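Student: no FASTA, just this:
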């Protein structure tokens, strides 16, 4: 049996004028290698087994949250 659990790690109101094509978080997620996009373009999955690369995957999520906060001017 295969179980998949998805969770939301970032939800924010973007500043006026920002869209998916110029979002710094989208740009960062496109460049990093710890998480890969699934068929659903908004869903990512680990590029390697969690046990092997969890520190890198957590760091990517933390960085994405920081980038978003900076873009919104709240950090």
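Tutor: Good, I have the coordinates. Model, not experiment: these values are computed from the prediction.

Student: report the buried residues of the longest helix seen in the chain.
Tutor: Counting by DSSP state H, the longest helix found in the chain is helix 50-72. Within helix 50-72, the residues scored as buried using 16 or more other C-beta atoms under 10 Å are 53, 57, 60-61, 64, 67-68, 71. For glycine as for every other residue, the C-beta is placed from the backbone atoms N, C-alpha and C.

Student: tell me what that helix is packed against?
Tutor: helix 24-31, strand 35-37 (3 or more C-beta pairs under 8 Å, 6 or more residues apart in numbering; DSSP states H and E).

Student: outside of the lowest-mean-pLDDT helix or strand in the chain itself, list whatever touches it.
Tutor: Each helix and strand of the chain was given a mean pLDDT (mean pLDDT, DSSP states H and E); the minimum falls on strand 44-46 at a mean of 86. Here strand 44-46 makes contact (C-beta atoms under 8 Å, 6 or more residues apart in numbering) with 29, 34-38, 53, 57.

Student: shaky segments in this protein?
Tutor: For the chain, applying pLDDT under 70 flags the ranges 74-75.

Student: please report how far residue 28 lies from residue 49.
Tutor: 23 Å (C-beta to C-beta, to the nearest Å).

Student: for residue 34, that is, sorry about that
Tutor: Counting by C-beta to C-beta - residue 34 and residue 49 are separated by 12 Å.

Student: ok, back up a step: so which of the buried residues of helix 50-72 comes closest to residue 23?
Tutor: Comparing the buried residues of helix 50-72 against residue 23 with C-beta to C-beta places residue 71 closest, at 7.5 Å.
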